[in-house]
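Undergrad: Structure for the following, please:
(2 chains)
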2 protein chains.
Amino acid sequence: MHHTSMSRRRFLQTTSAAAVWLPTSVRGYSANEVQALFVDGEMQQDISKWELDTPALCVDLDALEGNIAKMQNTTALNGIASRPHAKTHKTPVIAQMQMDTGSVGICVAKVSEAEAMFQNGIDKILLTTTNVTATKIRRAMKLREVCGDFIQATDSPDNARLLSEAAISMNIIADVVVDVDPGGNRTGITPGQPALQLAQLVDQLPGLRLRGLLCYDGGSQHVKGFDQRRSQTLSRLNAASETYDLFNNSGLTTEIFSGGGTGTYNIDHETRGLTDIQVGSYVFMDAQYIDIGGESNNEIYSDFQPALTILTTVLNDQYEGRATTDAGAKACTINRPWSRIKGETGISYSSGSDEFGTIRYESDASRTYKVGDTVELIVSHCDPVVNLYNQMYAIRNDKVEAVWQISARGMSA
Amino acid sequence: MHHTSMSRRRFLQTTSAAAVWLPTSVRGYSANEVQALFVDGEMQQDISKWELDTPALCVDLDALEGNIAKMQNTTALNGIASRPHAKTHKTPVIAQMQMDTGSVGICVAKVSEAEAMFQNGIDKILLTTTNVTATKIRRAMKLREVCGDFIQATDSPDNARLLSEAAISMNIIADVVVDVDPGGNRTGITPGQPALQLAQLVDQLPGLRLRGLLCYDGGSQHVKGFDQRRSQTLSRLNAASETYDLFNNSGLTTEIFSGGGTGTYNIDHETRGLTDIQVGSYVFMDAQYIDIGGESNNEIYSDFQPALTILTTVLNDQYEGRATTDAGAKACTINRPWSRIKGETGISYSSGSDEFGTIRYESDASRTYKVGDTVELIVSHCDPVVNLYNQMYAIRNDKVEAVWQISARGMSA
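TA: Numbering: from 1, shown residues only, chains lettered A, B, ... in the order given. This is a model prediction of the structure:
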């Protein structure tokens, strides 16, 4: 998809007005200029997304809303809930859309993300990462003081004791889930007896309230092919289900058994006991997920629509077979597969250079680009791309409907 | 390098104070807390870098100052100047250090970077990327209105005519250099007659003032081995030198002939006519540059010291042969080689997962880590890493001396 550069005449008409700047007469709006056009949340004039200064991160509202509705409908049909992971979008407005359509809460990966979400009105938050330093435990407990539905994870007896003593010292009750390792050995405690003993400890320690368990199987989300993906994740989550049984048999609560993700959203409910899925990328989709294949099409995962795109401008078209754009690694990341040009075929895009993107034409390229043309890219991997931008433009029918602050951008601590 | 986790007793002492928070008694400071401890630019108490909340981006001031001094001394000895590229650090304080020690100006890659630098006191700016849209040309011309030493690049006759007409409409004279392609066919005009004709056009067009040319040979900076690197870049820059001759023979100014980078900083002066080098990464160094080898050591490029590090905390040590940290792709990027643990051997680090880093021990690992330990990483590729953080901590002798805003972070437009 593209927008052809304006005629030189049009350019001169618009540039001539620049000394006294008039928004209606200039093609292209910087981020600050677009912001200034909102009054009480209402855009004061029609701005096409093709007029935005680039690189610009855009989310198509019809696609986003459709993706959220599809997830809510599917989880409801499957008898589970969604607890979407906000590490993907880092955007309170989107978290609110998820809550408003039936999600039981959101997940976050970092305590700073939790703080940013709470400061922006989201108050049902599960922090999926165990806090191990005094700084982070203190921050989490301070958040718990003001946020009644804030839940923390723990994955070792030593850590549970620290959480207990911190909670006691602040005179609060902290809600805790046990993080169970799905087999990746990255985070979480070993399922079975170690997890059970940790849960029993949490249940007994003063200042803590056990809420259940979580088991996020990140390693299965991008397995290519629906059958292989289903087989792997159900196998890996089996130990978590057995742990769920151990909790139940010991009289421990399993009110929360959270896990799963976008790649397994229509598989996870087969895991015995699972209450909700921590789906993230489904809101935006990306090239990495498109390639895993779906239940109905083993090559293309089309359950959700690509909603997140980057607009970039062609800067140089002087050299045979290629063109250079203004969106490189700092605007797209270097994740693979590379970003894809929306709606075109036979044209590759790469962002291996920090500042510039490279378009290369194959023999069957559906078009070529001229300097000044705008190119729309489907992002490679949505989470780290979102983390590069301060804001995203919310687009409907190619018009800017809102500018959303990515309030938790850079919140890696 | 590392810091062993505090004792549990110490932890409890510090956590107990959390309800009424006392900075002196809590290990670990969040970014906001460190900021609050500065009054009139003076830190009100000693904070060790090992007390910072993680992930934290740190710059060692002795190493940074040493790198800047070495570059200034080398360019002076070689009879050229430095015009450091601020796309690397995006930090006005560092740009000011470069200016204060003799650089003739700074380079930036984006007009938004130029604006951020100018707003923070830097007023000698060369924008190395050609602006092609009305938005960006207008922004550049508006900057030129207030910044007398702002210079723009152009790489095509059509673009030069647009710049001229924009400058006329705003009643200013815009300073322009011709961007010459070093052979990468990414940006710039073909050297020789095409570049000469463009320079003649710029020289003749009203509203524009020709200042010379630039030719940045990005493709040679990371060639491994000093001799190979020297040979490639001098060969590739030869056409730019011939273009420089053409400018001179045609009576055009060559006051500026800018090019070169950190990998070729002690080679570039051999290019006939070159006036200054656009060195960026030398201030920080990174694992990518360490691996290219130097003149005295073909395996390790040790001309500059690694100054930029990421502090990260071990979150999980339960599984054999590995540990998990809190700095993944969103804190380190996924550039290769991966970040390296400073001062240790036989231990690898990878940041392939968005939220978590992975430590793996080889048989000869110099140590192992426990939960809560802090790990210091030499960054993989400094430019995109800096672009992830809002601020960096300036460290001397392991103490926090300042907190620097990365004012041009995310300025990709």
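
Undergrad: what about A:I292, how many neighbours?
TA: Residues contacting A:I292 under the criterion other Cβ atoms under 10 Å in any protein chain shown number 20. No exception for glycine: its C-beta is placed from N, CA and C like everyone else's.

Undergrad: Would you quantify the distance from it to chain B?
TA: From A:I292 across to chain B, the span is 17 Å (Cβ to the nearest Cβ, to the nearest Å).

Undergrad: Could you look up the SS state of that residue?
TA: Look at A:I292: counting by DSSP: H, G, I helix; E, B strand; the rest coil, its state is coil.

Undergrad: Roughly how far does it sit from A:R229?
TA: For A:I292, the distance to A:R229 equals 7 Å [Cβ to Cβ, to the nearest Å].

Undergrad: what's the answer for A:M97, then?
TA: According to Cβ to Cβ, A:M97 and A:R229 sit 27 Å apart.

Undergrad: A:A323 now?
TA: 37 Å.

Undergrad: Touching, A:S339 and A:Y349? I think so.
TA: Yes: the pair A:S339 / A:Y349 is scored as a contact, 5.2 Å apart, by Cβ atoms under 8 Å.

Undergrad: tally of neighbours for A:G251?
TA: Here the number of neighbours of A:G251 (other Cβ under 10 Å) works out to 8.

Undergrad: In chain A, which helix is the longest?
TA: Ranked by residue count and defined by DSSP state H, the top helix of chain A is helix A:226-249.

Undergrad: Which strands or helices does the next helix or strand along the chain from it pack on?
TA: For helix A:226-249, the succeeding helix or strand toward the C-terminus, using DSSP states H and E, is strand A:256-259. Judged by 3 or more Cβ pairs under 8 Å, 6 or more residues apart in numbering or on different chains; DSSP states H and E, strand A:256-259 is in contact with strand A:208-215, helix A:226-249, strand A:276-277.

Undergrad: who touches strand A:256-259?
TA: Strand A:256-259 has contacts (Cβ atoms under 8 Å, 6 or more residues apart in numbering or on different chains) with A:83, A:107, A:126, A:128, A:151, A:177, A:182, A:211-217, A:237, A:240, A:244, A:268, A:271, A:273-278.

Undergrad: quick one on the thing from earlier: of the helices and strands packed on strand A:256-259, which is nearest A:Y369?
TA: Closest to A:Y369 of the helices and strands packed on strand A:256-259 is helix A:226-249 (Cβ to Cβ; 36.0 Å).

Undergrad: and the stretch 151-300 of chain A, which of its residues are near chain B?
TA: Counting by Cβ under 8 Å from any Cβ of the partner chain, the stretch 151-300 of chain A comes close to chain B at A:155-156, A:158-159, A:162, A:165-166, A:169-171, A:181, A:185-190, A:218.

Undergrad: among those, which ones are buried?
TA: Buried by 16 or more other Cβ atoms under 10 Å in any protein chain shown: A:155-156, A:159, A:162, A:165-166, A:169-170, A:181, A:185-190, A:218, out of these.

Undergrad: name the element the residue of the stretch 51-200 of chain A found nearest chain B belongs to?
TA: Chain B sits closest to A:T135 of the stretch 51-200 of chain A, with a gap of 3.0 Å, by Cβ to the nearest Cβ. Element membership of A:T135, judged by DSSP H and E, is helix A:134-146.

Undergrad: Quick one: list the elements packing against that helix.
TA: By 3+ Cβ pairs under 8 Å, 6+ apart, helix A:134-146 packs against helix A:111-119, strand A:149-154, helix A:157-169, strand A:174-179, helix B:8-16.

Undergrad: Contacts only, for the closest residue to chain B within the stretch 251-400 of chain A.
TA: Nearest residue of the stretch 251-400 of chain A to chain B, counting by Cβ to the nearest Cβ: A:Y319, 3.8 Å away. Shown in contact with A:Y319 (Cβ under 8 Å, 6+ apart): B:181, B:185.

Undergrad: So it, which state does it fall into?
TA: Applying three-state DSSP: A:Y319 is coil.

Undergrad: Name the helix or strand of chain A that has the lowest mean pLDDT.
TA: Lowest mean confidence among the helices and strands of chain A (mean pLDDT, DSSP states H and E): helix A:8-16, at a mean of 46.

Undergrad: Any buried residues in the helix or strand that that one is followed by, and which?
TA: Downstream of helix A:8-16, the first helix or strand assigned by DSSP H and E is helix A:31-36. Using 16+ other Cβ under 10 Å as the test for burial, helix A:31-36 gives A:31, A:33-34.

Undergrad: what sits up against helix A:31-36?
TA: A:23, A:47, A:52-53, A:56, A:390-391, A:393, A:400, A:403, B:413.

Undergrad: try stretch A:337-350
TA: With Cβ under 8 Å, 6+ apart as the test, stretch A:337-350 has contacts from A:1-2, A:287-288, A:291, A:306, A:309-310, A:325, A:327, A:332, A:351, A:357-367, A:375-380.
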